[in-house]
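*Asks:* Return a 3D structure for these sequence lines:
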Amino acid sequence: MKSLIALWKQLAEELAGWCCTSSSHDCKTVVRRSEHEGLSFLTIVLPSFGKDFQKSLEEGLVGPTSFLGFKKRGGLPLFLGGFLDRVFDRASGRLLDDPCIDSIYSIRQLCFLVEKIAIPCTSVREKAAMQAFVKCEQEIRNSDSKLSASDRADFLRIRQLLFSSILSEVEYDVYNLALWPKHGPGATADKLTGNSKFTGMAWTQRLESAFPREMYLVPSPKLSQELRDSDLLEPGAEIPVKVISVPKTQRTPRIIAIEPTAMQYCQQALAGALVERLERNDKTPGMLGFSDQTINQEMAMVGSLNGRLATLDLSEASDRVSNQHVRLLFSNYPWLSQAVDACRSRKADVQGFGVKRLAKFASMGSALTFPVEAMVFLTLVMIGIERELRRPLTAKDIKSLRGQVRVYGDDIIIPVEYVHSVMRTLDAFGYLVNRNKSFWNGKFRESCGEDYYAGHRVTVTRVRQEWPHSRKCVTQVVSLVSLRNQLYEQGLWQTARYLDQVIRKLLRYFPSVHPDSPVLGRVCSLGYENQRMHPTLHTPLVKGWVVSAQIPQSQIDGYAALMKCFLHKGDMPIADEKHLERAGRPRSLDIKLRWAKPF
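*Replies:* I've put the predicted structure just below:
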């Protein structure tokens with residue numbers, strides 16, 4: 001924690017120089033309160049301060065309930081007062097007509113610097129998160145029971161207007177067994193890793209109805225005899241998804257679900273078919289995104305500049321997508337609906353609460369969660385717009401919204417005039433709009449990790465890992481080097497110079513390199529170093545530490561090896577020549593000192 005406080009003080013001093021103010025009292029406050037409150041002051045209290053600041057920017061006024069726990073003078077806190085005085089009027093608490101952009105960035109940077117450090121929450125907070133997961137299930141059931149017939153009718157009509165051609169095409173692929181499955185890189189509920197996923201999958205009766213084994217598990221139906229000794233799991237014997245928590249913030253962990261291998265395999269097949277068509281759908285041009293976040297980010301910037309676009313964020317978005325909504329989404333497409341249901345896990349093993357039957361469609365962890373929730377959210381957005389217009393939407397209306405409506409996961413961008421109607425619609429279907437991360441009134445907008453105020457980028461750089469104690473803490477060392485380079489590119493050169501001294505004590509060799517270099521080095525505006533030339537290639541070389549990862553051993557042969565090769569897309573063979581001997585995620589990282597290219 002001392003290292004993090006030292007970094008915070010260095011950063012505050014440099015940002016104070018940017019804004020022609022002083023941070024000495026702010027640094028004393030951070031030191032004093034961190035001694036009494038511990039790391040939670042940096043990871044919980046300061047982010048809460050930052051959220052109150054963003055809320056005040058949205059409302060144009062510092063309210064009486066904002067910045068609780070901090071002494072005030074006039075309408076503003078004393079903490080970070082030098083920066084706040086350049087944004088708000090201290091006497092009235094009102095937003096200045098021309099607030100200082102550097103001060104807005106500085107306050108956010110200092111508040112959110114350590115918010116998302118990867119440190120596990122306390123057991124109490126983890127248990128509360130699991131309890132909230134279970135509670136969410138009951139809320140979904142209650143919401144489903146209250147959904148009116150008119151809501152269902154509107155959903156079906158807009159669904160057909162948006163996605164009829166796409167769903168027909170995917171229905172055709174499902175019927176003709178023309179899907180392209182694949183294994184994901186992550187963990188599975190049945191603990192299969194690497195190449196063992198091709199040989200150890202437990203198939204279910206539900207999967208067999210939509211994904212016959214002789215078509216999806218072996219490279220040719222003639223090899224179906226290889227499957228004769230394997231059993232099909234009855235619905236009651238299926239492996240449930242495993243619900244776990246992973247670090248997100250110190251306030252609450254992120255809850256994800258680990259799917260069984262066979263389910264994940266088939267989910268990838270459907271997800272690939274849906275995403276491919278959704279991204280080139282001419283009925284919703286540019287309204288759905290799955291791989292390019294920059295469009296959302298550019299729209300957020302435009303919205304902050306002209307005030308015409310709002311950015312909405314949903315709380316527990318994935319966990320609140322009801323299976324009943326998904327059944328509505330795919331209704332009238334029987335083969336597709338059957339396939340989606342077949343690869344959906346119906347039960348979850350929740351830590352501390354046992355196995356629960358799921359009302360939600362799926363949590364984060366299912367390959368179908370992202371595309372399906374995007375389709376549901378876009379449908380609800382259009383229902384909200386239609387209700388505001390008080391007339392049925394047409395295909396022409398939808399095309400006219402190009403460049404104004406965009407859904408990327410739970411990041412939603414819509415025209416400001418439809419905000420309240422869309423929020424009422426989302427509420428009617430059981431979704432919660434996160435008011436602390438949704439903006440439509442002021443000049444602040446955020447979407448897909450980028451933040452803007454009045455067209456200016458105010459995105460912050462965050463500490464992601466604990467401070468490394470030695471060179472053996474490879475993940476932490478790599479993260480610290482990345483942090484240094486991000487701060488340098490942000491223009492915080494004094495702080496980057498401070499981190500240079502810290503990193504050199506760990507690595508000793510820390511050359512200037514291009515951002516694309518494999519060497520752990522310093523990004524510098526003066527370019528990369530050239531310490532010597534390669535003896536045969538005549539290219540520049542520098543001496544530094546290079547990250548290496550050993551792929552675990554995982555051998556397969558026979559029909560499983562052939563199947564893996566057939567599932568590889570593209571004209572070129574799999575790049576790794578030893579992919580049949582080694583596969584999966586590396587269990588650990590290492591860094592080795594060597595001569596390598598600085599670019």
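*Asks:* what's around Q553, how many residues?
*Replies:* By the criterion of other Cβ atoms under 10 Å, Q553 has 12 neighbours. C-beta: built from backbone N, CA, C; applies to glycine.
*Asks:* What sits closest to it if chain neighbours are left out?
*Replies:* R582 (5.7 Å; Cβ to Cβ, 6 or more residues apart in numbering).
*Asks:* Just confirm that neighbour contacts I556, I think it does.
*Replies:* No: using Cβ atoms under 8 Å, R582 is not in contact with I556; the gap is 10.8 Å.
*Asks:* okay, those two: which has more neighbours?
*Replies:* Taking other Cβ under 10 Å, R582 and I556 do not tie; I556 has more neighbours (20 against 16).
*Asks:* So the more buried one is in contact with K197, correct?
*Replies:* No: taking contacts as Cβ under 8 Å, I556 lies outside contact range of K197: 9.4 Å.
*Asks:* which helices and strands does whichever strand or helix holds D397 pack with?
*Replies:* D397 is located in helix 395-400, with elements delineated by DSSP states H and E. Applying 3 or more Cβ pairs under 8 Å, 6 or more residues apart in numbering; DSSP states H and E, one finds that helix 395-400 contacts helix 149-175, helix 369-389.
*Asks:* pLDDT value on V416, please?
*Replies:* At V416, the pLDDT value in this model is 98.
*Asks:* and if you look at G455?
*Replies:* pLDDT at G455 comes out at 96.
*Asks:* What distance do you get for I258 to I239?
*Replies:* Per Cβ to Cβ, to the nearest Å, I258 is found 10 Å from I239.
*Asks:* Can you check which residues contact both of these two?
*Replies:* Counting by Cβ atoms under 8 Å, 6 or more residues apart in numbering, the contacts common to I258 and I239 are A189.
*Asks:* With neighbour numbers in mind, choose between those two.
*Replies:* I258 (22 against 19).
*Asks:* backbone phi and psi for that one, please?
*Replies:* phi -100, psi 120 (degrees, to the nearest 10).
*Asks:* and it, what are its bridge partners?
*Replies:* K242 (DSSP bridges).
*Asks:* G69 is in what secondary structure piece?
*Replies:* Judged by DSSP H and E, G69 forms part of no helix or strand.
*Asks:* wouldn't it be in contact with V45 here?
*Replies:* Yes: the pair G69 / V45 is scored as a contact, 6.8 Å apart, by Cβ under 8 Å.
*Asks:* Neighbour count for the two, which is higher?
*Replies:* Just comparing G69 and V45: by other Cβ under 10 Å the higher neighbour count belongs to V45, 17 against 12.
*Asks:* Now do the contacts for the more buried one.
*Replies:* For V45, the contact set (Cβ under 8 Å, 6+ apart) comprises R33, E37, G69.
*Asks:* For the last one, list the residues it contacts.
*Replies:* Shown here is G69, whose contacts under the criterion Cβ under 8 Å, 6+ apart are V45.
*Asks:* and S230, what pLDDT?
*Replies:* pLDDT at S230 comes out at 79.
*Asks:* Which of the three states applies to it?
*Replies:* The three-state label given to S230 by DSSP: H, G, I helix; E, B strand; the rest coil is coil.
*Asks:* And this protein, what are its domain boundaries?
*Replies:* 2-115, 123-453, 474-596 (automatic domain parsing).
*Asks:* T459: which of those is closest?
*Replies:* domain 123-453 (4.7 Å; Cβ to Cβ).
*Asks:* Next, report how far the closest one is displaced from the centre of its chain.
*Replies:* Domain 123-453 sits 13 Å away from the centroid of its parent chain (Cα atoms, centre = their mean, to the nearest Å).
*Asks:* Pull up the distance across that domain, start to finish.
*Replies:* 37 Å (Cα to Cα, to the nearest Å).
*Asks:* how about the domains of the chain, which one is nearest W467?
*Replies:* In terms of Cβ to Cβ, the element of the domains of the chain nearest to W467 is domain 2-115, at 4.2 Å.
*Asks:* which stretches of the stretch 401-550 of the chain have low pLDDT?
*Replies:* Along the stretch 401-550 of the chain, segments meeting pLDDT under 70 are nowhere present.
*Asks:* could you pull out the strands for it?
*Replies:* Counting by DSSP state E, counting those that start in this stretch, the stretch 401-550 of the chain has strands at residues 406-408, 411-415, 432-433, 444-447, 450-453, 456-457, 512-513, 522-523, 532-533, 540-549.
*Asks:* can those strands go into TSV with extra columns for mean neighbour count and distance to L217?
*Replies:* Compiled in TSV, the strands of the stretch 401-550 of the chain are given as follows (neighbours: other Cβ atoms under 10 Å; distance: least, Cβ to Cβ, whole Å):
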stretch	mean neighbour count	distance to L217
strand 406-408	25	34
strand 411-415	24	37
strand 432-433	18	40
strand 444-447	26	41
strand 450-453	22	42
strand 456-457	15	49
strand 512-513	22	46
strand 522-523	20	47
strand 532-533	10	53
strand 540-549	18	30
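*Asks:* Mind putting those into TSV with distance to S331?
*Replies:* What follows is these, written out as TSV (distance: least, Cβ to Cβ, whole Å):
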stretch	distance to S331
strand 406-408	21
strand 411-415	24
strand 432-433	25
strand 444-447	31
strand 450-453	37
strand 456-457	43
strand 512-513	55
strand 522-523	52
strand 532-533	66
strand 540-549	46
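*Asks:* quick revisit: what's the mean pLDDT across the helix holding D397?
*Replies:* Computed over helix 395-400, the mean pLDDT rounds to 93.
*Asks:* who touches stretch 142-162?
*Replies:* The contact list for stretch 142-162 (Cβ under 8 Å, 6+ apart) reads 283-284, 322, 324-325, 328-329, 331, 359, 375, 378-380, 382-383, 386, 392-395, 398, 428-430.
*Asks:* Report the buried members of those residues.
*Replies:* Buried by 16 or more other Cβ atoms under 10 Å: 284, 322, 324-325, 328-329, 331, 359, 375, 378-380, 382-383, 386, 393, 398, 428-430, out of the contacts of stretch 142-162.
*Asks:* residue contacts, the residue nearest to Q553?
*Replies:* Counting by Cβ under 8 Å, 6+ apart, R582 makes contact with G194, I551, P552, Q553, S554, D576.
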